[in-house]
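Colleague: Got a predicted model here, sequence first, then my questions.
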Amino acid sequence: MKTAVVILNYNTRDYLSQFLPGLLASCQGLDAQVIVADNASQDDSVNLMKSVFPDVRLIRLDQNYGFTGGYNRALAQIEADYYVLINSDIEVPRDWLKPLVEWMDSHPGCGACGPKLLSYNQRDTFEYAGAAGGLIDRFGYPFCRGRIMQKIETDHGQYDQAANVLWVSGACLMVRAGLWKELGGLDNRFFAHMEEIDLCWRMQLRGWKVTVVPQSHVYHIGGGTLPNESPFKLRLNFRNNLLLLENNLPATLGSHFKARVRIFERMCLDGMSALVYLLKGRRDFFKAVVQAHMEYRKLRKPSEIPVNPYSPEGIYKGWIVPKGLFGKK
């Protein structure tokens, strides 16, 4: 098969029931197969697949390995030219897949691509998770074309040209299967959140492009597995942000020492954020940041990417937070 479209499911039976039929219909007539990998869901997801979608290939994992471990184990069992990682809470229009395949076919230097990500509930507005392609600032704060922090733009065609970015959202991400295997897939230490940024960054440091292809678009609900107010999600984000920098900054900056200085600066900013949470009475968030730093110290390891590789695109040289808060550069 040319394209494997793979949903990693964990306790999202209702989303499968709602969105899987449209996804299956969109792949008809294409050399593509939809596969559902289940991360040991505790709801009725598996029974739904067996009773309502018996012809859809189901890969059952023996426990919840998170986004990283789940996809790594599932894709190891699938042979295709391209993998598409797609969330269960995404609605696809009929013609969403073909532009992505055509882009990869015609751009052999592109390692990964993705569609515009629009909001399912406000369909003329970009969705938080990936909008029109992702960037990152000097301290490792991710943001998007169409979304800076909580400020989200309306889509009026301002990002309708294909563009190279640092990352595209793992909510809907197409990658070359051979490159996925060469890079070892996602970094298992992340479990969930920011693992796709790490993967795309590692691709670029080896000379591959990462591109948002706006001729394709999908509609994402977002927050289907972990709500935004979850201390666990906050801990993952703070911890994985540091792991992301540990993996990629030495090669990007051309110096392990410069990378250590930058990571220390970021950890100081994290400390300021933790203090703000404490002053606001959010002790659970304060503890989450502290725990994130403790876990980072246990999980960190030297970067395996050689220094002085290719220069990645999509890195903002300033600090995006003041711009997001006050509109300042």
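Modeller: Arrived safely.

Colleague: Let me see the confidence value for the closest residue to residue 125 other than its chain neighbours.
Modeller: The shortest distance from residue 125 to any non-neighbouring residue, by CB to CB, 6 or more residues apart in numbering, is to residue 119 (4.7 Å). Any C-beta I mention is one placed from the backbone N, CA and C, and that applies to glycine too. Per-residue pLDDT puts residue 119 at 97.

Colleague: List the contacts of the helix or strand that contains residue 273.
Modeller: Element membership for residue 273 (DSSP states H and E) is helix 256-279. Under the contact criterion CB atoms under 8 Å, 6 or more residues apart in numbering, helix 256-279 has outside partners 138-140, 238, 241-242, 245-246, 249-250, 252-253, 283, 285-286, 289-290, 292-293, 302-303, 307.

Colleague: Show only the entries of those found in strands.
Modeller: Residues of the contacts of helix 256-279 located in strands (DSSP state E): none.

Colleague: Buried subset of those residues, written for PyMOL?
Modeller: Selection of buried members from the contacts of helix 256-279 for PyMOL, criterion 16 or more other CB atoms under 10 Å:
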select buried, resi 138+139+140+238+241+242+245+246+249+250+252+253+285+286+289+290+292+293+303
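
Colleague: Could I have the CA atoms of the helix holding residue 273 written out in CSV?
Modeller: What follows is helix 256-279, C-alpha atoms only, in CSV (Å, rounded to 0.1, in the frame of the first residue of the first chain):
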residue,chain,number,x,y,z
HIS,A,256,26.8,21.9,23.4
PHE,A,257,27.9,24.7,25.7
LYS,A,258,25.5,27.3,24.0
ALA,A,259,22.7,24.7,24.2
ARG,A,260,23.3,24.2,27.9
VAL,A,261,23.1,28.0,28.5
ARG,A,262,19.9,28.3,26.5
ILE,A,263,18.3,25.4,28.4
PHE,A,264,19.3,27.0,31.7
GLU,A,265,17.7,30.2,30.6
ARG,A,266,14.5,28.3,29.7
MET,A,267,14.5,26.6,33.1
CYS,A,268,14.7,30.0,34.8
LEU,A,269,11.6,31.1,32.7
ASP,A,270,9.9,27.9,33.8
GLY,A,271,10.6,28.8,37.4
MET,A,272,9.0,32.2,36.9
SER,A,273,5.9,30.5,35.5
ALA,A,274,5.8,28.1,38.5
LEU,A,275,5.9,31.1,40.8
VAL,A,276,3.0,32.8,39.0
TYR,A,277,1.0,29.6,39.4
LEU,A,278,1.7,29.5,43.1
LEU,A,279,0.7,33.2,43.5
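
Colleague: Residue ranges in the protein under the pLDDT threshold?
Modeller: Low-confidence segments of the chain, defined by pLDDT under 70, are located at 223-228, 308, 328-329.

Colleague: Which strands or helices does the longest strand seen in it pack on?
Modeller: Using DSSP E to define each element, the chain has its longest strand at strand 209-220. With contacts taken as 3 or more CB pairs under 8 Å, 6 or more residues apart in numbering; DSSP states H and E, strand 209-220 sits against strand 90-91, helix 97-106, strand 110-119, strand 163-164, helix 195-204.

Colleague: could you redo the ones you listed as TSV and give each row distance to residue 19 and mean neighbour count?
Modeller: Output for the helices and strands packed on strand 209-220, formatted as TSV (distance: least, CB to CB, whole Å; neighbours: other CB atoms under 10 Å):
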stretch	distance to residue 19	mean neighbour count
strand 90-91	6	21
helix 97-106	14	18
strand 110-119	14	27
strand 163-164	27	16
helix 195-204	20	26
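
Colleague: would CSV of the ones you listed with distance to residue 51 be doable?
Modeller: Shown next, in CSV, are these (distance: least, CB to CB, whole Å):
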stretch, distance to residue 51
strand 90-91, 22
helix 97-106, 26
strand 110-119, 31
strand 163-164, 43
helix 195-204, 32
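
Colleague: Domains in this structure, by residue range?
Modeller: Residue ranges for the domains of the chain, per automatic domain parsing: 3-220, 231-308.
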